[in-house]
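S.K.: just to be clear, the model below is a prediction. Sequence and coordinates:
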Amino acid sequence: MSYTPSETRYQNMTYRRCGKSGLLLPEISLGLWHNFGHVDDLSNAKRILHTAFDYGITHFDLANNYGPPPGSAEANFGKILKQSFQGYRDEMVISTKAGYYMWPGPYGEWGSKKYLVASLDQSLKRMGLDYVDIFYSHRPDDQTPLEETMAALDLIVRQGKALYVGISSYSAEDTKKAVAILKDLGTPCLIHQPRYNMMDRWVENGLMDVLEEEGIGCIPFSPLEQGILTSKYLKGIPEDSRAAKTTGFLQKDQVTHEKIAQAMELNKVAEERNQSLAQMAVAWLLKDKRVTSVLVGVSSEKQLLDNLGAIDNKDFSKQELEEIEKILTTDF
């Protein structure tokens, strides 16, 4: 069945400027970390992508190692692009990354120029693309000079294989250094992708200030703490959940009593706001103007539509914020 995008796809989404660049990103972006690999249902992946585009999500975020197996999310995304989105590439922002283990031997991970350039070449082949819009250094590498990793990002832009570059999971201090190197090379750092949610707030200890000072966008991943900030785990671990899968990154022992107790209290605040817990968690991130977009990962259209509902209520009263803070700092 052929796909024709909704004609009203741009009516309800808000787009935020990414730092001090010319690029606008939707307030909610779709991450393909889970549910798009060869172990997953391709027709479900296709439905999710169609629904995302129909609702104004223009940004699709991948990495070389997404799957499982590694590389398969990019390969499946490439198939769906070819089948469904021919003629719409220029309406899309597609990003990928390199940094984690991808192939055997000394050149298959971390931050060398050899690895980053080779990895992006492989990613472009898998997706059937001439270029990506954003290419990231996926993680810092203290064994490789930062100058080399940033020079690789600069080279990739000059080769025309990426329009913009970013970094992911770099500390405030390393971000400052990386940004200065890129500035000198003439390829500014567009965006930082950190892990950030109500329960994991390391970025508030300096990184967000650096991004604001330097005019760099911020796109948090894991906004729902791998599903804990949803209604999914409020009554235990369901069989079809991420924590129940052996292939997932969320393990059962990470679903702690304390986190569930906090989620239950947060859920009460969300209900008073006429939101699901997931919607409130996304809205809580979007309340900060320094956040360009929130990266959501979903396993179904239904989950995606629920997350999209977050943009209908992004305002928090002082009382609500204080209540949320109290819950998050209480030992259960």
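M.R.: Structure's in. What do you need?
S.K.: mind checking pLDDT for residue 240?
M.R.: Among the per-residue scores, residue 240 holds a pLDDT of 57.
S.K.: count the residues that sit near residue 46.
M.R.: Neighbour count for residue 46, taken as other C-beta atoms under 10 Å: 18. Glycine gets a C-beta too; all of them are placed from N, C-alpha and C.
S.K.: with adjacent residues omitted, what lies nearest to it?
M.R.: residue 80 (5.2 Å; C-beta to C-beta, 6 or more residues apart in numbering).
S.K.: relative to residue 28, how far out is the one you found?
M.R.: Relative to residue 28, residue 80 is positioned 19 Å away (C-beta to C-beta, to the nearest Å).
S.K.: would you mark the buried spots in the helix or strand hosting residue 49?
M.R.: Residue 49 belongs to helix 42-54 when elements are defined using DSSP states H and E. Neighbour-count burial for helix 42-54, with 16 or more other C-beta atoms under 10 Å as criterion, is recorded at 45-54.
S.K.: now stretch 205-214
M.R.: Buried residues in stretch 205-214 (16+ other C-beta under 10 Å): 207-208, 210-211, 214.
S.K.: so which of these is the closest to residue 156?
M.R.: The shortest approach to residue 156 among the buried residues of stretch 205-214 belongs to residue 214, at 20.4 Å (C-beta to C-beta).
S.K.: what are the phi and psi angles of the closest one?
M.R.: phi -90, psi -10 (degrees, to the nearest 10).
S.K.: show me the contacts for it.
M.R.: 19, 175-176, 179, 189 (C-beta atoms under 8 Å, 6 or more residues apart in numbering).
S.K.: rewinding a little: who has more neighbours, residue 80 and residue 28?
M.R.: residue 28 (25 against 21).
S.K.: now do the contacts for the more buried one.
M.R.: 13, 57, 282, 293-294, 296, 307-308, 310-311.
S.K.: repeat for residue 122
M.R.: Residue 122 neighbours (C-beta under 8 Å, 6+ apart): 64, 71, 102.
S.K.: what about the second one, how many neighbours?
M.R.: It stands for residue 71. Counted with other C-beta under 10 Å, residue 71 comes out at 22.
S.K.: follow-up on the earlier one: next step: the contacts of residue 122 restricted to strands.
M.R.: Counting by DSSP state E, no part of those is found in strands.
S.K.: mind putting the residues you listed into a markdown table with distance to residue 165 and pLDDT?
M.R.: What follows is these, written out as a markdown table (distance: C-beta to C-beta, whole Å; pLDDT from 0 to 100):
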| residue | distance to residue 165 | pLDDT |
| --- | --- | --- |
| 64 | 15 | 98 |
| 71 | 21 | 98 |
| 102 | 18 | 98 |
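S.K.: what is the nearest of those to residue 322?
M.R.: Of all those, residue 64 has the smallest distance to residue 322: 42.2 Å, by C-beta to C-beta.
S.K.: how far away is the closest one from residue 138?
M.R.: For residue 64 relative to residue 138 (C-beta to C-beta), the value is 8 Å.
S.K.: what about the helices in the stretch 1-150 of the chain?
M.R.: 42-54, 72-84, 113-127, 146-158 (DSSP state H, counting those that start in this stretch).
S.K.: what is the last one packed up against?
M.R.: Okay, so that is helix 146-158. helix 113-127, strand 132-137, strand 162-168, helix 172-185 (3 or more C-beta pairs under 8 Å, 6 or more residues apart in numbering; DSSP states H and E).
S.K.: state the distance from residue 269 to residue 275.
M.R.: Using C-beta to C-beta, one gets 9 Å for the distance from residue 269 to residue 275.
S.K.: which residues do the two both contact?
M.R.: In contact with both residue 269 and residue 275: no residue, using C-beta under 8 Å, 6+ apart.
S.K.: still on that earlier bit, residue 221 is nearest to which of the helices and strands packed on helix 146-158?
M.R.: strand 162-168 (7.8 Å).
S.K.: who does that closest one pair up with?
M.R.: strand 132-137 (parallel), strand 189-193 (parallel) (DSSP bridges).
S.K.: now the element after the least confident helix or strand in the chain by mean pLDDT, going C-ward?
M.R.: Ranking every helix and strand in the chain by mean pLDDT, DSSP states H and E puts helix 257-272 at the bottom, with a mean of 94. Once the chain leaves helix 257-272, the next helix or strand it forms, by DSSP H and E, is helix 277-286.
S.K.: for that following helix, give me every contacting residue.
M.R.: Taking C-beta under 8 Å, 6+ apart as the rule, helix 277-286 contacts 27-28, 196-198, 220, 223-225, 229-231, 263, 266-267, 269-270, 273, 275, 291, 294, 296, 303, 306-307, 309-314, 316, 324.
S.K.: tell me which entries of those residues lie within strands.
M.R.: Those of the contacts of helix 277-286 mapping onto strands are 28, 294, 296, per DSSP E.
S.K.: list the contacts of the most centrally placed residue in the chain.
M.R.: When C-alpha atoms, centre = their mean is applied to the chain, the residue found nearest the centroid is residue 295 (3.6 Å). Contacts for residue 295 (C-beta under 8 Å, 6+ apart) come out as 29-31, 61, 193, 219-221, 223.
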